[in-house]
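A.B. asks: Have a look; sequence and predicted model below, questions after that.
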Amino acid sequence: MTREAAAEIFERIALLMELKGENPFKIRAYKTGAEVVESYAGDIMQLARDNQLAGIKGIGDALRDKLHEMALTGKLEFYEKLKAEFPEGLFALFDISGLGPKKIAALYSKLGVASLADLRRVCESGEAAKISGFGDKTVVKILEAIAFREQHASVFRQDQVYGLVQSMLEQLRAHPSVSRAEVCGSFRRGKETVGDLDFLVATKRPEEVIADFVKLPEVNKIIAQGGTKASVYATNGVQCDLRAVSSAEYPFALNYFTGSKEHNVVMRQRALDRGLSLNEYGFKPSQEGGSVPEEAAEIYEEKEIYRLLGLDYIEPELRENSGEFDASEKGRLPKLIELENLRGVFHNHTTASDGKATLREMAEAAMELGLQYLGIADHSKSSFQANGLDEKRLRAQLAEIRELNAEYAGQFRIFAGSEVDILKDGSLDFDDELLAELDYCVASVHNVFNLPEAEMTARIIRAIENPHVTMLGHVTGRLLALRPSYAVNIPAVIDAAAATNTIIELNASAWRLDMDWRWWRLAAEKGVKCSINPDAHSTRGLQDVLLGVRAARKGWLTRKDVINCLPLAEVEAALRAKER
DNA sequence: GCCGTTTTCGGCCCGACTGTTTTCAGTCG
């Protein structure tokens, strides 16, 4: 069993206990346990198998035994019994914004609501509004939340599929009859979420490869299986399609199945303009009696298809038919940022607020990743829920950082910052005097999400105009497929950032990827710099920068647009650019 | 269920907002 699966079971135990009205502290212990399992720096499942879990904070006797059982048997008796007390569909109700355990328990016990469909029915029929604690407004909100949820029903964040993609690709590439394999579709294009996964292989024995594909351990259910393609559901619920083509067809199929649909339409039109018809198998003459030029018959790489159509190679992330053809024709495609360009990371949390690792552990993890610097930005005092730091604790952390920096002298640098709350009126949670003592400051909205657009925009711009705000955190507050962005005028925010030399964060957490890639070209054109921030709450969380880089590439950004590509010697000046 | 320089019991994060109420329960961050 993977650590993700074990953490998920602890989380579900917590949900079920909430439904049963169990001791809230017991529930919290399971939630904490899930977080520890998820973010532990080390192979916690191996430790669980070997019974070596003693001394891990947050894992006591009970959770230790349960982890051991899961690691050994792949199951947990305790959870199976608990789960059997409630219908499976109840879990989906927790994803409805505004519904918590008490309301779900009431709906279940009073009206027998056991699924999203049931929930919609009792809301529409008026039954729900009659339950004590429910009213008309609650019902309207629930129906709105169901609609939002359904729009995003089969949507998966990258962290939910990344491991699956790597593992399936690895197994496909290792197959003796497979010469090449790749993942296509929206995943290859670096979209923030995906609906399904499209795999492609080049092989001379398609049926054999497909027969082995549907037997992979990650496959939960076969939807369809034929001579050249198969569709399955993976254990985490993602639909995975596999197409098997010949080696000669492979570059064409790779291009076709990567999309986007709109990009493909332009590609085929360009081919027609050259007397060629393009599909997923290759070039053909577009008219009878026509011919295919020699170079079109000898294509091995995707790049050569673009060249034949008079284009520079277009990276998959840019294939949205949003200007890439024009730039490609003119030789003006950007040289996209790469993971290796990053020299450091800002906006990270420690145990001082709601992080799982200490300052020193975070610094050492960053060093191990080959980074030159690490920016800390723990929550400020208004974020009670996240154990935000008050002035005194922040100053203490500042002193601790100075000491560590003395120890690391020359090798590595920690930048002392704060993720300071933007209060309802746009003022900040700390006064200017304290902010001036920091190396940098990320300002973020964490509460009162329901302001009208004009007010929210003014609130954020007021924060941007503070000379000590180095960068703006997660601009829209969205949680992918879970909670929409609050109302905010992003072009106005970008203009304000440009006018004040304020950096905008690309929050690299798989849940956020905020600011959205669709806005980065505009921001870069206006001269706004980006900071790819992992918003790490654990040492493992630092690796989310990978997702941030993918989103930045999709936003046409180069290393010159991203301040944490700067070497240590230059980045400090960049942090001070605004104050100057 | 976890934890402990106040250690084997007693405490465990806090306040805003919303919608339902008529003083508060539930949800959220």
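C.D. replies: Nice, thanks for sending it over.

A.B. asks: what number of residues lie near A:N321?
C.D. replies: A:N321: 16 surrounding residues under other CB atoms under 10 Å. C-beta here means a position set from N, CA and C on the backbone, and glycine is covered the same way.

A.B. asks: Excluding residues flanking it in the chain, which one is nearest it?
C.D. replies: A:E262 (3.8 Å; CB to CB, 6 or more residues apart in numbering).

A.B. asks: Next, the buried residues of the host helix or strand of that neighbour.
C.D. replies: Using DSSP states H and E, A:E262 falls within helix A:261-273. Neighbour counts over helix A:261-273 (16 or more other CB atoms under 10 Å) mark A:263-264, A:266-268, A:270-271 as buried.

A.B. asks: Who are the packing partners of that helix?
C.D. replies: Here helix A:261-273 touches helix A:250-258, strand A:276-279, helix A:324-329, going by 3 or more CB pairs under 8 Å, 6 or more residues apart in numbering; DSSP states H and E.

A.B. asks: Switch those over to TSV; also include distance to A:E69 and mean neighbour count.
C.D. replies: Below are the helices and strands packed on helix A:261-273 laid out as TSV (distance: least, CB to CB, whole Å; neighbours: other CB atoms under 10 Å):
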stretch	distance to A:E69	mean neighbour count
helix A:250-258	42	22
strand A:276-279	53	19
helix A:324-329	52	17
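
A.B. asks: picking that back up, now the helix holding A:E262 against helix A:250-258, angle please.
C.D. replies: Relative orientation of helix A:261-273 versus helix A:250-258 (axes from the mean of the first three to the mean of the last three CA atoms, to 10 degrees): 140 degrees.

A.B. asks: Give me the distance between helix A:261-273 and the centre of its chain.
C.D. replies: Taking the mean of its C-alpha atoms, helix A:261-273 sits 31 Å from the chain's own mean (CA atoms, centre = their mean, to the nearest Å).

A.B. asks: Just give the number of residues close to A:S132.
C.D. replies: 7.

A.B. asks: Chain neighbours aside, what residue packs nearest to it?
C.D. replies: With sequence-adjacent residues excluded and distances taken as CB to CB, 6+ apart, A:S132 is closest to A:A106, at 7.8 Å.

A.B. asks: close enough to count as contact, that neighbour and A:A128?
C.D. replies: No. Counting by CB atoms under 8 Å, A:A106 stays clear of A:A128, with 9.4 Å between them.

A.B. asks: got the helices and strands packed on helix A:261-273 as a markdown table, with mean pLDDT and distance to A:T539 columns?
C.D. replies: A markdown table is the format used below for those (pLDDT from 0 to 100; distance: least, CB to CB, whole Å):
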| stretch | mean pLDDT | distance to A:T539 |
| --- | --- | --- |
| helix A:250-258 | 96 | 33 |
| strand A:276-279 | 90 | 47 |
| helix A:324-329 | 96 | 37 |
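
A.B. asks: now for the ones you listed, which one comes closest to DNA strand B?
C.D. replies: Nearest to DNA strand B among these is helix A:250-258 (33.9 Å), distances taken as CB to the nearest atom of the strand.

A.B. asks: packing partners for the closest one?
C.D. replies: helix A:185-188, strand A:196-203, strand A:239-245, helix A:261-273, strand A:276-279, helix A:302-308.

A.B. asks: and the residue of the stretch 201-350 of chain A found nearest DNA strand B, how many neighbours does it have?
C.D. replies: Residue nearest to DNA strand B within the stretch 201-350 of chain A: A:H349 (13.2 Å; CB to the nearest atom of the strand). Counted with other CB under 10 Å, residues neighbouring A:H349 total 24.

A.B. asks: quick one, phi psi at it?
C.D. replies: Main-chain torsions, A:H349, degrees, to the nearest 10: phi -110, psi 160.

A.B. asks: go on, A:D421?
C.D. replies: For A:D421, the backbone dihedrals (degrees, to the nearest 10) come out as phi -70, psi 140.

A.B. asks: For DNA strand B, what's its nearest residue on the stretch 351-500 of chain A.
C.D. replies: Using CB to the nearest atom of the strand, the single residue of the stretch 351-500 of chain A nearest to DNA strand B is A:Q385, 3.2 Å away.

A.B. asks: my hunch is that that residue is in a strand, does that hold up?
C.D. replies: No. Per DSSP: H, G, I helix; E, B strand; the rest coil, A:Q385 lies outside any strand segment and is helix.

A.B. asks: and it, what does it touch?
C.D. replies: Applying CB atoms under 8 Å, 6 or more residues apart in numbering to A:Q385 gives the contacts A:D354.

A.B. asks: again with the one 3 residues further on
C.D. replies: Contacts of A:G388 were listed using CB under 8 Å, 6+ apart, and they are A:353, A:378-382, A:421, A:429.

A.B. asks: separation between it and A:A552?
C.D. replies: 28 Å (CB to CB, to the nearest Å).

A.B. asks: Then A:S322?
C.D. replies: As for A:S322, its distance to A:A552 is 16 Å (criterion: CB to CB).

A.B. asks: Among those two, which residue is more densely surrounded?
C.D. replies: A:A552 (31 against 14).

A.B. asks: Name the nearest residue to that one, ignoring sequence neighbours.
C.D. replies: Once flanking residues are discounted, A:A552 sits nearest to A:I337: 5.3 Å by CB to CB, 6+ apart.
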